[in-house]
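1. sequence first, predicted model second:
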Amino acid sequence: MQYSNKTIVISLALGIGMTNTVSALELYEDTVTNQVFTKPGLNRIKLGSYEKVEEKETAQSHGIAKREGLGPNNSPTTSQETLTVENRAEQPSEKKESAKPKEKSNLPAGVSYGKNGFEFKTDNGKFSIALQNRMQFRYAMPFDRDPRSIDDLEKPDSSSFMIRRARTKIKGHVMWPWLKYYFQYDWAQPVLRDLNLTVDKYPWAKLWVGRGKVFYNDERVSSSGNQQFVNRSIVNDIFTVDRQQGIQVYGNLFPDTWHDVSYYAGVFSGLGVGERNNDDDEMMWSGRLQWNALGGEMPFTQSDVEYHEKPALNIAVAAATNRSKCTAFETANDSCRALPGYEIGENGQFRLNQMMEEVRFKWKGLSILHEMHWKDVRDKLNKQNANMKGGLIQAGFFPHYLVAIIPKNLEFAGRYAFVDPNRDIDNDTQHEASGVMTYFFNGHSNKINFQVSHLIIEDPVTGFSESDERFWAQWDVSF
């Protein structure tokens, strides 16, 4: 393709003159010398106004300007014309930037929202953090407590609205996806509930170090946010080993076989989470063995929200032993507690030996949980022993799967629980019979419950019993 000398000169003028911030350039031709100028003068006629625009076609390799609207003799047809420059030179700095390889940053490359809340991850995959908050609002009438004696039943009513739980959870991994951390703080009852690291590289052997729940029984290990009922049964406070500080090893062996089993073993200081140092040189030891008879290992969570197409059955036994000044535990700054009828003792005064058996079953919206507990309290100082027994059975079902008109997210459940605080004494058993209706807006992450409980307390002195009803309404939401 041929170009006139005038066109080439105009192109060069644009290439030089357009480096400033002027958006249009006026060009003039000397009628004597045929030279092109950017300023008016003697013997100069105006060729027109010209603009420089971004590349839009493939002519950038030509490095010339195309002037639109010129006649056969290259004379302008109007006084104001537009010249389109097809090849726009890149600035040197732009070339250098494009030539450099893009380096990965350790700063969060992505933010998302999922089941663990707001999730942040670095683009090199070495770090992640998930932030989640949880709030639990409850109304209790005529009281919120679990009565342990007739005197407890006869206390004045105290119907209350309360923020029962308000917690922040942080979890993620450090350096490697299998090095996981977990943190949980409670604002309603200020205490650091969990802070631990887990080496989760091999499913058959995982190492847990720090502060958190002992893998002992389902009712306690399942989060209060993943319970089938508004709260745990009357069995929990008496038999739980709760949260401790120490080390646990656990894993899953022979998966997808008839002898699929999970194991848990741990050693702890044995004073709960409220004290840094042990009160003696004795440790708490615990162990759990679980046979995953059907459907593999189930997570610690209640209700068949997931809807198991195939039956899932886990059967477990567990045991724990501890010597300390405590006979019970609760997650609080004063987590070393005393059972009803006891006081916190001297260092190493009480030896606790306990065991339990458990059955969990889920299938097509039906869920069943059974636990039976035994606990032996030996007072080494006063040479006294007490044998305790307790248990529960609960079942829930989503009736939508039988009657389609019923909302799919509505579950009904019932529970019976009992505690015998001393098997050597008659007529001292405590009973609970509860029913609950739950609507799940978004699984356990957003649900409302309404629960009614009939509580019976037997008096070993008079041989009589008294009872009362308790009503709970609760909204539990995580975000």
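-> Received, thanks. Every value quoted in this text rests on a predicted model; they were computed, and no experiment measured them.

2. all contacts plus neighbour counts: C-alpha atoms, from now on.
-> Noted.

3. tell me what residue 367 is bridged to.
-> residue 362, residue 396 (DSSP bridges).

4. centre of the chain to stretch 231-243, how far?
-> Relative to its chain's centre, stretch 231-243 lies at 23 Å (C-alpha atoms, centre = their mean, to the nearest Å).

5. buried stuff in that stretch?
-> 233-243 (16 or more other C-alpha atoms under 10 Å).

6. nearest to residue 341, of those?
-> Closest approach between those and residue 341, by C-alpha to C-alpha: residue 238, at 11.9 Å.

7. what's near enough to touch the closest one?
-> By C-alpha atoms under 8 Å, 6 or more residues apart in numbering, residue 238 lies in contact with 328, 339.

8. right, and the helix or strand after the host helix or strand of it?
-> Using DSSP states H and E, residue 238 sits in helix 236-239. Following helix 236-239 in sequence order, the next helix or strand is strand 243-253 (DSSP H and E).

9. closest to residue 474 among the buried residues of stretch 231-243?
-> For the buried residues of stretch 231-243, the nearest to residue 474 is residue 233 (15.8 Å; C-alpha to C-alpha).

10. tell me which element the closest one is part of?
-> Going by DSSP H and E, residue 233 is not part of any helix or strand.

11. pretty sure it is touching residue 417, no?
-> Yes - with contacts counted by C-alpha atoms under 8 Å, residue 233 reaches residue 417, the gap being 6.6 Å.

12. joint contacts of those two?
-> What both residue 233 and residue 417 touch, as defined by C-alpha under 8 Å, 6+ apart, is the set 392, 432.

13. flag the shaky bits of the stretch 101-250 of the chain, pLDDT-wise.
-> 101-109 (pLDDT under 70).

14. and the contacts of stretch 140-152?
-> 153, 157-161, 234, 340, 430, 455, 457-459, 465-466, 469-473.

15. just the buried members of the residues you listed?
-> 153, 234, 430, 455, 457-459, 465, 469-473.

16. report the two of these separated the most.
-> 459 and 473 (29.5 Å).

17. can you show me the helices along the stretch 151-300 of the chain?
-> Taking DSSP state H, counting those that start in this stretch as the test, the helices found in the stretch 151-300 of the chain are 218-221, 236-239.

18. tabulate those (a markdown table), appending distance to residue 443.
-> Below are the helices of the stretch 151-300 of the chain laid out as a markdown table (distance: least, C-alpha to C-alpha, whole Å):
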| stretch | distance to residue 443 |
| --- | --- |
| helix 218-221 | 18 |
| helix 236-239 | 24 |
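
19. which one of these lies closest to residue 437?
-> helix 218-221 (18.4 Å).

20. could I have that closest one exported to CSV, CA atoms only?
-> Extracted in CSV, the C-alpha atoms of helix 218-221 (Å, rounded to 0.1, in the frame of the first residue of the first chain):
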residue,chain,number,x,y,z
ASP,A,218,-22.2,-37.2,71.9
GLU,A,219,-24.5,-35.0,74.0
ARG,A,220,-21.5,-33.0,75.3
VAL,A,221,-19.2,-33.1,72.3
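
21. residues in contact with it?
-> Taking C-alpha under 8 Å, 6+ apart as the rule, helix 218-221 contacts 213-215, 227, 232, 236, 240, 242, 300-301, 358.

22. can you redo those as CSV with distance to residue 421?
-> Listed next are the contacts of helix 218-221 as CSV, based on distance: C-alpha to C-alpha, whole Å:
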residue, distance to residue 421
213, 24
214, 23
215, 24
227, 25
232, 18
236, 13
240, 14
242, 19
300, 27
301, 28
358, 20
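
23. list just the nearest of the buried residues of stretch 231-243 to residue 444.
-> Nearest member of the buried residues of stretch 231-243 to residue 444, counting by C-alpha to C-alpha, is residue 233, at 18.3 Å.

24. so who does the closest one touch?
-> 392, 417, 432 are the contacts of residue 233 under C-alpha under 8 Å, 6+ apart.

25. which element is the second one on?
-> Using DSSP H and E, the secondary-structure element containing residue 417 is strand 410-420.

26. helix or strand right after that strand?
-> strand 430-440.

27. and that following strand, what other elements does it pack with?
-> strand 410-420, strand 446-458 (3 or more C-alpha pairs under 8 Å, 6 or more residues apart in numbering; DSSP states H and E).

28. quick one: those as TSV, columns for mean pLDDT and distance to residue 346 too.
-> Below are the helices and strands packed on strand 430-440 laid out as TSV (pLDDT from 0 to 100; distance: least, C-alpha to C-alpha, whole Å):
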stretch	mean pLDDT	distance to residue 346
strand 410-420	98	25
strand 446-458	97	30
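
29. now those as JSON lines including distance to residue 307?
-> As requested, those are arranged in JSON lines below (distance: least, C-alpha to C-alpha, whole Å):
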{"stretch": "strand 410-420", "distance to residue 307": "12"}
{"stretch": "strand 446-458", "distance to residue 307": "17"}
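
30. for the ones you listed, which one sits closest to residue 203?
-> When those are compared (using C-alpha to C-alpha), the closest one is strand 446-458, at 30.3 Å.

31. whichever helix or strand comes after the closest one to strand 430-440, inter-axis angle?
-> Sequence-wise, the next helix or strand downstream of strand 446-458 (DSSP H and E) is strand 465-478. Angle, strand 465-478 to strand 430-440, by axes from the mean of the first three to the mean of the last three C-alpha atoms, to 10 degrees: 30 degrees.

32. okay, strand 465-478 in CSV with CA atoms only?
-> What follows is strand 465-478, C-alpha atoms only, in CSV (Å, rounded to 0.1, in the frame of the first residue of the first chain):
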residue,chain,number,x,y,z
SER,A,465,-41.9,-36.6,94.8
GLU,A,466,-42.7,-33.2,93.4
SER,A,467,-42.8,-32.0,89.8
ASP,A,468,-43.0,-28.8,87.7
GLU,A,469,-43.1,-27.8,84.1
ARG,A,470,-40.5,-25.7,82.3
PHE,A,471,-41.1,-23.8,79.0
TRP,A,472,-38.3,-22.7,76.7
ALA,A,473,-38.5,-20.7,73.5
GLN,A,474,-35.2,-20.0,71.7
TRP,A,475,-33.7,-18.6,68.5
ASP,A,476,-30.2,-19.8,67.7
VAL,A,477,-28.4,-18.1,64.7
SER,A,478,-24.9,-18.2,63.4
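
33. what bits of the stretch 251-400 of the chain have low per-residue confidence?
-> In the stretch 251-400 of the chain there are no weaker segments when pLDDT under 70 is taken as the threshold.

34. strands along that one, start to end?
-> For the stretch 251-400 of the chain, the strands defined by DSSP state E, counting those that start in this stretch cover 261-268, 284-294, 312-324, 328-329, 336-337, 350-363, 366-379, 384-397.

35. could you identify which of those is most buried?
-> strand 328-329 (a mean of 24; mean count of other C-alpha atoms under 10 Å).

36. which residues sit against that one?
-> Counting by C-alpha under 8 Å, 6+ apart, residues outside strand 328-329 touching it are 237-243, 271-272, 335-339.
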